[in-house]
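>>> Just to be clear, the model below is a prediction. Sequence and coordinates:
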Amino acid sequence: MKEIVFATNNAHKLKEFRSMLGKDWHVLSLADIGCHDDIPETADTFEGNALQKAMFVAEHYGRCNVVADDSGLCVDALDGAPGVFSARYAGEGHDSEANNARLLAELDGIADRHAHMATAMVFLADAASEPITAVGKIEGEITYGPQGSGGFGYDCLFRPTGWEKTFAEVDDQAKNAVSHRARAVKALVARLSESSLL
């Protein structure tokens, strides 16, 4: 079984990633490799932030087979916000509840609720290798209030196009079948297979 480092300590992301990657890889978190650093995320794109995180782990910890992602919600009526600031939309140190509250406040009185969730993933075989990237995206709309208690982040406000429920109202299996992260993982795995890295 090969080891792969997923540059996150987010338990929800780890669970999703492990379930989608399959049993051929042993997925390690940042905590598993002793990384407790505040890794910079200063790029203005999801791809840029993912590459920053992967490079940091590969360079500072000498790890091979590093995957990093950056995900976010992009709302048309807000010119793509919160975008790369999705995790800290309500400010540094705030939680999902605060982020969701700000999003609803920003959309108050706005009829156009179209949005999409996006994930960019970057794989580095080592610090000197060319990055392999993949992107996943799903279209949907923002509801007028939280619906459901599952998922995390903006899941309780995001209803995929053609669905009657938000991501937070369905189980992990249903979400992982179509989510932006699932699509990014599938695309990344396909690219790694083409490159004979899997």
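That came through fine.
>>> Which of the three states applies to the one residue sitting closest to the centre of the chain?
Most central in the chain under CA atoms, centre = their mean is Ser71, positioned 3.4 Å from the mean C-alpha point. Secondary structure state of Ser71, per DSSP: H, G, I helix; E, B strand; the rest coil, is strand.
>>> my read: it touches Arg183, true?
No. Judged on CB atoms under 8 Å, Ser71 makes no contact with Arg183 at a distance of 11.2 Å. Backbone N, C-alpha and C define where each C-beta goes, glycine included.
>>> Now Val135. Its backbone dihedrals?
phi -130, psi 140 (degrees, to the nearest 10).
>>> I'd like to know how far the most far-flung residue of the chain relative to its centre sits from Glu130.
Farthest-out residue of the chain from its mean C-alpha position, per CA atoms, centre = their mean: Gly109, at 28.5 Å. Gly109 sits 47 Å away from Glu130 when distances are taken as CB to CB, to the nearest Å.
>>> May I have the residues that are in contact with Ser149?
156, 168 (CB atoms under 8 Å, 6 or more residues apart in numbering).
>>> same question, Ile33
5, 57, 61, 63.
>>> With distance to Leu28 and pLDDT added, can I get these in CSV?
Output for the contacts of Ile33, formatted as CSV (distance: CB to CB, whole Å; pLDDT from 0 to 100):
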residue, distance to Leu28, pLDDT
Val5, 5, 95
Val57, 10, 95
Tyr61, 10, 93
Arg63, 8, 92
